[in-house]
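> sequence first, then the predicted structure, then my questions.
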Amino acid sequence: MIVLEHSPHQEQFIRAVFENAHYCLVIVDDRGYIIYLNESYCRFLGVKREEAVGKHVTDVIENTRMHIVVQTGKEEIADLQYIRGNYMIANRIPVWSEGKVIGAIGIVLYRDTQEWMKMNSHIKSLLLEVEQYRKRQKKSHGAIYSLHDIIAISPQMIELKNKVKRIAAGNASVLITGESGTGKELFAHSIHQLSERSGKPFVTVNCAAIPEHLMESELFGYEPGAFTGARKEGKIGKFQIADGGTIFLDEIGDMPLSAQVKILRVLQDGEIQPVGAVKPRKVDVRVIAATNQPLEELVREKRFREDLFYRIHVIRLHIPPLRERKEDIRALTMFFLHKISERTGKRVVDVEDSVMERFQEYRWPGNVRELENVVEAAVHLTNREIITLEDLPEHLLIEPVRLEEHGNLKEILERTERQAIELALHKAKGDKLKAAKILGIGKSTLYEKLKKHGL
Ligand SMILES: Nc1ncnc2c1ncn2[C@@H]1O[C@H](COP(=O)(O)OP(=O)(O)OP(=O)(O)O)[C@@H](O)[C@H]1O
C-alpha cells in the first residue's frame with residue numbers, strides 16, 4: 001500500500017489484486033460474515049455479490065473454514081478444499097488489529113488449465129480412496145449430520161442455527177435441552193462438524209442405555225485384569241476414543257452420580273482414570289450433552305451434581321417443541337415427503353390443505369420424529385400422489401380437549417364436531433354416505449357440516 005500511495009494508478013492496482021481472474025477471494029469479519037467476495041468467486045459459486053455479502057460464510061461457501069480461522073486466529077496455508085465438485089487449494093489468513101482478530105482473508109487458487117485438471121483428477125482418486133476409509137471409520141465414530149440437514153424456517157430455529165455457527169469453534173461445553181424428538185442429536189453433530197475438531201472422532205454415548213454398573217468402564221475404560229470377568233487386554237473407554245474430538249452425552253440426566261464425578265474431572269483437569277489404573281491419563285475432549293429432563297429440578301433433588309451442571313451448561317441451546325414453531329411444519333413435511341419418496345421410489349408430492357391444517361393444530365408430543373413417522377406411514381398407505389386425511393393415523397384426527405387452550409364450550413364443541421366428522425370420513429375411506437351413517441346423521445346434515453367446517 002505504501003508503494004501504491006505514490007502511484008497514479010493506485011486504484012487500478014488495487015482492483016487488479018482484488019478482482020484478479022485467477023483466484024477467488026473472500027473477506028469475512030470477526031464473526032464469519034462475508035464483507036467482500038470478488039467477482040471470480042461470485043462467478044465460480046454462481047452467486048450474486050449483493051446477495052452473498054452480509055451472509056454467514058457457511059451459508060455461501062461449501063466446506064469453508066473461514067469462520068474457524070477467525071476464532072482460532074491461526075492461518076491455514078495450502079489447504080485442500082472441496083468446492084463444487086473440485087478440489088481447490090485454499091489459503092486462509094486471519095487479520096489482526098490491536099491484538100484481536102478483526103476478520104480473515106481467504107484465497108482459493110484455481111486455474112482452468114489442463115495441468116490443474118490433471119492434478120485435480122489425481123487428487124480426486126486419492127481422496128476417494130481415503131474417503132472410503134474415513135466413511136468406514138465415521139460410521140462408528142463420526143458426525144453424519146451438518147447444519148444443512150436441519151430444516152428451519154421459524155425465527156427461533158434460524159437463531160439457534162446462527163448460534164451454532166458462533167459457538168461451534170472453541171472448546172466450551174454445550175448443553176442441548178428440548179423435548180424428545182426435537183433434533184438435539186442433529187445439533188450436536190452440526191456443532192462438531194463446524195468445529196476445528198471435525199476431522200477427529202465424534203462419539204455418542206446414550207447414558208440411558210448403559211446399565212449403571214457398566215457406565216464407568218464404558219466411559220473411561222479399564223486396565224487389563226481390572227476386575228473379575230474383565231477382558232484380558234483391558235478396554236478403551238469412550239473418552240479415549242473421542243480424544244481430540246467431541247463426545248456427545250445423550251440423556252445426561254440418566255447419568256449415575258458416581259460417573260458424574262468423573263466427568264467433572266475430565267472437564268476440570270482434562271483427565272480420566274480408567275478402572276484399575278494407577279495414574280490418570282490426559283484427554284482432550286469437547287463435551288456436548290443433551291437432555292429432555294429438567295436438569296435444574298434434578299439438581300434440586302440431588303440426583304444431578306450442581307457443579308457438573310454449571311460446567312456443562314456453559315453454552316445452552318434450547319430447542320423449542322414443534323408446536324411452538326409451527327412455521328417449520330410445512331417445510332419439514334415437504335422435506336420428509338421428498339426424502340421418503342426418493343428412498344421408497346413411490347411418488348408422493350404433497351399433502352392436502354386439510355392435512356396441513358391438522359398438522360398445524362396437532363400438538364406433536366413426539367415432535368419432529370413423530371412428524372417424520374406420520375409422513376412415512378402416510379406415504380406407505382396412500383395410493384395417490386397427495387396425502388389426504390384418510391392416510392393419517394387415527395390419533396392424529398382426534399385429540400383430547402385442553403380447557404386452557406381450546407376456549408369456551410361452544411368452541412370446544414365445534415372443534416370436537418369437526419374432529420368427529422374427519423374421523424368418520426377417515427373410517428369410511430372418504431365415502432360420505434357411509435360417514436353420515438357412522439355419525440348417525442342424514443346425508444344433507446353431513447353436507448351442511450362439511451361446508452361449515454370447510455372440509
Ligand atoms: N429440523 C430438522 N430437520 C430435519 N430433520 C429433523 C429436524 N429435527 C429433527 N429431525 C429428525 O427427527 C428425528 C429426531 O431427531 P433427534 O434424534 O436429533 O432428536 P432428539 O431431540 O435427539 O431426540 P431424543 O431426545 O429422543 O434423543 C431424526 O430422524 C432427525 O433427523
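That came in fine, so what should we check first?
> now the helix or strand where residue 18 lies: how far from the chain's centre is it?
Following DSSP states H and E, one finds residue 18 within helix 10-19. Centroid displacement of helix 10-19 relative to its chain, using Cα atoms, centre = their mean, to the nearest Å, is 41 Å.
> now do stretch 202-222
Using Cα atoms, centre = their mean, the offset of stretch 202-222 from its chain centre is 24 Å.
> list the buried ones in it?
202-205, 207, 210, 215-222 (16 or more other Cβ atoms under 10 Å). All C-beta spots, glycine's among them, are computed from the backbone N, C-alpha and C.
> now those as a markdown table including secondary structure and pLDDT?
What follows is the buried residues of stretch 202-222, written out as a markdown table (DSSP: H, G, I helix; E, B strand; the rest coil; pLDDT from 0 to 100):
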| residue | secondary structure | pLDDT |
| --- | --- | --- |
| 202 | strand | 93 |
| 203 | strand | 94 |
| 204 | strand | 93 |
| 205 | strand | 93 |
| 207 | helix | 91 |
| 210 | coil | 88 |
| 215 | helix | 89 |
| 216 | helix | 89 |
| 217 | helix | 89 |
| 218 | helix | 91 |
| 219 | helix | 93 |
| 220 | helix | 92 |
| 221 | strand | 91 |
| 222 | strand | 89 |
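> restrict those to those near the ligand?
Among these, no residue is within reach of the ligand (Cβ under 6 Å from any ligand atom).
> how about the stretch 201-350 of the chain: which residue is closest to the ligand?
Residue nearest to the ligand within the stretch 201-350 of the chain (Cβ to the nearest ligand atom): residue 292, separated by 4.8 Å.
> angles on the backbone of the residue lying closest to that residue once chain neighbours are set aside, please.
Take residue 292 and drop its neighbours on the chain: the residue closest to it by Cβ to Cβ, 6 or more residues apart in numbering is residue 180, 5.0 Å away. Torsion angles at residue 180 (phi, psi; degrees, to the nearest 10) stand at phi -60, psi 140.
> check contacts around residue 180.
Residue 180 makes contact with 292, 366-367, 369, according to Cβ atoms under 8 Å, 6 or more residues apart in numbering.
> let's see it at 7 Å
Counting by Cβ atoms under 7 Å, 6 or more residues apart in numbering, residue 180 touches 292, 366-367.
> out of these, flag the one nearest to residue 327.
residue 367 (14.7 Å; Cβ to Cβ).
> does the closest one really touch residue 186, like I thought?
No: using Cβ atoms under 7 Å, residue 367 makes no contact with residue 186, being 11.8 Å away.
> find the residues that touch each one of the two.
With Cβ under 7 Å, 6+ apart as the test, residue 367 and residue 186 reach no residue in common.
> low pLDDT regions in this structure?
For the chain, the stretches with pLDDT under 70 are 1-4, 21, 110-117, 120, 134-142, 226, 399-406.
> where does it come near the ligand, residue by residue?
Counting by Cβ under 6 Å from any ligand atom, the chain sits next to the ligand at 150-152, 178, 180-186, 250, 292, 332, 368-369, 372.
> what about residue 279, which helix or strand?
Per DSSP H and E: nothing holds residue 279, as it lies in no helix or strand.
> now swap in residue 25 and tell me
Using DSSP H and E, residue 25 falls in strand 23-29.
> and the following helix or strand past that strand, what other elements does it pack with?
Sequence order places strand 34-37 as the next helix or strand after strand 23-29, per DSSP H and E. Judged by 3 or more Cβ pairs under 7 Å, 6 or more residues apart in numbering; DSSP states H and E, strand 34-37 is in contact with strand 23-29, helix 49-52.
> ok, and what's touching stretch 283-292?
171, 173-180, 184, 188, 191, 197, 239-240, 242-253, 266-267, 270, 272, 312.
> restricting to C-alpha, output it in PDB.
This file holds the C-alpha atoms of stretch 283-292, laid out as PDB (Å, rounded to 0.1, in the frame of the first residue of the first chain):
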ATOM      1  CA  VAL A 283      -7.500 -36.400  27.200                       C
ATOM      2  CA  ASP A 284      -8.600 -33.500  25.000                       C
ATOM      3  CA  VAL A 285     -12.400 -33.900  24.500                       C
ATOM      4  CA  ARG A 286     -15.100 -31.400  24.000                       C
ATOM      5  CA  VAL A 287     -18.300 -32.400  25.800                       C
ATOM      6  CA  ILE A 288     -21.800 -31.800  24.300                       C
ATOM      7  CA  ALA A 289     -24.600 -33.100  26.500                       C
ATOM      8  CA  ALA A 290     -28.300 -33.400  25.800                       C
ATOM      9  CA  THR A 291     -31.300 -34.000  27.900                       C
ATOM     10  CA  ASN A 292     -35.100 -33.800  27.800                       C
END
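> where exactly do the helices run in the stretch 101-250 of the chain?
Ranges of helices in the stretch 101-250 of the chain, per DSSP state H, counting those that start in this stretch, are 114-141, 155-167, 184-194, 212-220, 238-241.
> highest mean neighbour count out of those helices?
helix 184-194 (a mean of 24; mean count of other Cβ atoms under 10 Å).
> and that one, what other elements does it pack with?
Packed next to helix 184-194, using 3+ Cβ pairs under 7 Å, 6+ apart, are helix 155-167, strand 174-177, strand 246-250, strand 286-291.
> coming back round to it: quick check: angle from the helix holding residue 18 to strand 23-29?
100 degrees (axes from the mean of the first three to the mean of the last three Cα atoms, to 10 degrees).
> ok, residue 184 touching residue 175?
No: contact between residue 184 and residue 175 fails when scored by Cβ under 7 Å: they sit 9.9 Å apart.
> what touches both of the two?
Contacts common to residue 184 and residue 175, judged by Cβ under 7 Å, 6+ apart, are absent.
> what secondary structure does the closest residue to the ligand within the stretch 351-455 of the chain sit in?
Here the stretch 351-455 of the chain gets closest to the ligand at one residue, residue 368, 3.5 Å apart by Cβ to the nearest ligand atom. Per DSSP: H, G, I helix; E, B strand; the rest coil, the local secondary structure of residue 368 is helix.
> burial of it, as a residue count?
Using other Cβ atoms under 10 Å, residue 368 is surrounded by 25 other residues.
> now swap in residue 231 and tell me
That count, for residue 231 with other Cβ under 10 Å as the rule, works out to 11.
> now it: how far from residue 239?
According to Cβ to Cβ, to the nearest Å, residue 231 stands 18 Å off from residue 239.
> between the two ends of stretch 310-317, how far is it?
End-to-end distance for stretch 310-317: 14 Å, by Cα to Cα, to the nearest Å.
> do a quick rundown of the helices in the stretch 351-455 of the chain.
Under DSSP H, counting those that start in this stretch, the stretch 351-455 of the chain gives helices at 353-361, 367-381, 394-397, 409-427, 432-439, 443-452.
> for the residue in the chain positioned nearest to the ligand, give me its contacts.
Nearest residue of the chain to the ligand: residue 183, at 2.8 Å (Cβ to the nearest ligand atom). Listed by Cβ under 7 Å, 6+ apart, the contact set of residue 183 reads 150, 319, 368.
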